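Trainee: Got a predicted structure here, sequence first:
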Amino acid sequence: MRERYPMRAAAVYGAFSNLAELARPGGRFEKAAHAIWPDYDERNEEIARRRSALQWAERFETPVLIMHGGADGDVPPGQALALAARLDQLGKKYELLIRAGGRHTLSDWRTERDARAVECFRRHMPSPAPPAAGLSAISPRSAAP
């Protein structure tokens, strides 16, 4: 979304929107940030800016479904709420769903999580083009041999 890849919709669950908050000294992701980016100490501002959707929320041109577990112990639900608030402030299209008691990947709610994502994608698919003038759609069963 940051690079404006041509897509019709996006769906995320358990996603962070502010890396700097999570990777700060003593933060939940401090060790992970250093493992992923060995030069994190030198480039932390650049990395956090690039990886934090709050920093570039104005670039959201695609509707997004944000799903998050209310009991996520890895990424606090406040990260999803902050992104939704920023998108709302910018007038961007989004849906927010916080699942009470849900954990980080919403694995205990996987079927409904995935169904909601698929429904979101289907809602934003283009309508099929009508047949060209003078032509009618023929199903394989009704076509003559």
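Mentor: Noted; the coordinates are in hand.
Trainee: Find the nearest non-adjacent residue to residue 50, please.
Mentor: In this structure, residue 50 finds its nearest non-sequential neighbour in residue 2, 7.5 Å apart by CB to CB, 6 or more residues apart in numbering. C-beta: built from backbone N, CA, C; applies to glycine.
Trainee: got a list of what that neighbour touches?
Mentor: Applying CB atoms under 8 Å, 6 or more residues apart in numbering to residue 2 gives the contacts 50, 53, 56, 59.
Trainee: Just the buried residues of these.
Mentor: Using 16 or more other CB atoms under 10 Å as the burial test, the contacts of residue 2 include residue 53 as buried.
Trainee: which residues are in contact with the helix or strand that residue 31 is a member of?
Mentor: Element membership of residue 31, judged by DSSP states H and E, is helix 30-36. Contacts of helix 30-36 with the rest of the structure, by CB under 8 Å, 6+ apart, involve 19, 22, 23, 24, 40, 41, 44, 47.
Trainee: My read is that the fifth one contacts residue 23, right?
Mentor: What it means is residue 40. Yes. Counting by CB atoms under 8 Å, residue 40 does reach residue 23; the two are 7.2 Å apart.
Trainee: follow-up on the earlier one: going by secondary structure, the residue nearest to residue 50 is in what exactly?
Mentor: Residue-wise, residue 2 maps onto no helix or strand under DSSP H and E.
Trainee: any idea how far it lies from residue 17?
Mentor: 12 Å (CB to CB, to the nearest Å).
Trainee: anything in contact with each of those two?
Mentor: residue 53.
Trainee: Residue 20 touches residue 48, doesn't it?
Mentor: Yes. Look at residue 20 against residue 48 with CB under 8 Å: they come within range, at 3.9 Å.
Trainee: Domain-wise, how is the chain divided?
Mentor: As recorded under automatic domain parsing, the domains making up the chain are 1-16+57-127, 18-51.
Trainee: Now mean pLDDT too, for these, in TSV please.
Mentor: Shown next, in TSV, are those (pLDDT from 0 to 100):
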stretch	mean pLDDT
domain 1-16+57-127	95
domain 18-51	93
